[in-house]
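Undergrad: with the sequence up front, the predicted model follows.
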Amino acid sequence: MPSTDKPVVKHRKIGAYRVLGELGRGGMAQVYRGLHEMLQREVAIKEMLADPLRDKESVSRFRREALALAAFRHQNIVTLYDLVEKNDVLFMVMEYVDGPTLHELLKEGPLPPEVVASVGARVADALEHAHFRRIVHRDLKPANVMITKAGDVKLMDFGVAKDSTLETLTAQGMAVGTPSYMAPEQVTGAPVDGRTDLFALGVLLYESLTGTRPFQGRSAGEVFARIREGDYKPLHKVAPQVPRPLADIVKRALNVRPEDRFPNAASMRRELESFLSQRMGMSCEAFLVGFLRQREKLTESEALAHLTQEELAVAGGLAKARPPARPWTRWLAAGLIAAGGLGAGLLSTQSYWMDVVQRLTVR
């Protein structure tokens, strides 16, 4: 049996790009780290794993993802540089994003409200750009959001995106996406629009604030049923430390009926930015650099390439997670305060009570 310590790299060169190693692998694609040798620019190269002769729908999806990315010019959406074909296999050459995914950060627990709102505002900005071009992402989740070492937020993976200007690839009534992040209209196979992505963004914000997804079940069917009914535990009960304005934004995004959510991504972005403007005196990018440094996701020298020492200290202080208040600790504190007050009262009236007790004893 060959050793599995190091992934086997099938390609040494793809077009003008030299393959440096493997970054990750999924069911339908594999991603390599590459280098354009003439430009000395690092890139990410996504290889389609589907058989081009047998799985024509996957090939069409891959091409459409490339077309979607090619249409975007936005700092919060990963940039496509090239589409290369080698031996009948397609490769997308994209911007190399050096930083963790939101999914990786959540493995360490919930994130501070300001971090969640900063990421959410930038994702909403990216969705606003995509929706303007009539493209719905349909698979927004923490694994598809990355934070760079410069504090930029990058939205990735438009593999199941829907372009309303093109013929649909999905049969009517078929659900497309990741179950826990689907909007009710996705679950039922109804028409989707930009508000579908805003529901998924609401799920992402809820999970980032609490460390758990709002819609859970033992099977996909059970998850779908809860999504259709809007059956989830309110955010203020799961994480009472989350500021009310931010909790209200999440609640609105998670409405079952699309017309009850934010009308568009710009509206949701403005609400998130309004929340941040009252709590931070710096840009989202600077704040996220401080957060990544505080989580030791980048070195101090890497952080200081973007911030001054003073800015880094302020950002790092703001980014420290506030420990969630547990209900039992609040009751315990209240009990101790009450007991302390009672004890103090008895002590201050000790002479009176001693006199009463003495007279009762004599009788």
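TA: Thanks, I have it. Numbering: from 1, shown residues only.
Undergrad: how about low-confidence regions in the stretch 251-363 of the chain?
TA: 321-363 (pLDDT under 70).
Undergrad: next: the stretch 1-150 of the chain.
TA: 1-10, 27, 52-54.
Undergrad: what ranges does it have for its strands?
TA: With DSSP state E, counting those that start in this stretch as the criterion, the stretch 1-150 of the chain has strands at 13-14, 17-25, 29-36, 41-48, 80-86, 89-95, 135-136, 145-147.
Undergrad: okay if I get these as CSV plus distance to residue 305 and mean neighbour count?
TA: In this view, the C-beta of every residue, glycine as well, is placed from N, C-alpha and C. What follows is the strands of the stretch 1-150 of the chain, written out as CSV (distance: least, CB to CB, whole Å; neighbours: other CB atoms under 10 Å):
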stretch, distance to residue 305, mean neighbour count
strand 13-14, 30, 16
strand 17-25, 22, 16
strand 29-36, 21, 20
strand 41-48, 16, 21
strand 80-86, 24, 16
strand 89-95, 18, 21
strand 135-136, 33, 24
strand 145-147, 15, 25
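Undergrad: residue 126: which of the ones you listed is closest?
TA: strand 145-147 (9.1 Å; CB to CB).
Undergrad: and the closest one, what other elements does it pack with?
TA: Judged by 3 or more CB pairs under 8 Å, 6 or more residues apart in numbering; DSSP states H and E, strand 145-147 is in contact with helix 102-106, helix 113-132, strand 153-155.
Undergrad: want to try JSON lines for these, with distance to residue 250 and mean neighbour count as columns?
TA: Shown next, in JSON lines, are the helices and strands packed on strand 145-147 (distance: least, CB to CB, whole Å; neighbours: other CB under 10 Å):
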{"stretch": "helix 102-106", "distance to residue 250": "15", "mean neighbour count": "19"}
{"stretch": "helix 113-132", "distance to residue 250": "9", "mean neighbour count": "24"}
{"stretch": "strand 153-155", "distance to residue 250": "18", "mean neighbour count": "24"}
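Undergrad: of those, which is nearest residue 253?
TA: It's helix 113-132; of the helices and strands packed on strand 145-147, that one is closest to residue 253 (CB to CB) at 9.2 Å.
Undergrad: for that closest one, name the packing helices and strands.
TA: Under the contact definition 3+ CB pairs under 8 Å, 6+ apart, helix 113-132 sits against strand 145-147, strand 153-155, helix 194-210, helix 244-253, helix 265-277, helix 284-294, helix 309-319.
Undergrad: my read is residue 186 is in a helix, agree?
TA: Yes: assessed with DSSP: H, G, I helix; E, B strand; the rest coil, residue 186 lies in a helix.
Undergrad: got the contact list for stretch 43-62?
TA: By CB atoms under 8 Å, 6 or more residues apart in numbering, the surrounding residues in contact with stretch 43-62 are 11, 14, 17, 19, 23, 27-36, 81, 88-97, 159-160, 169.
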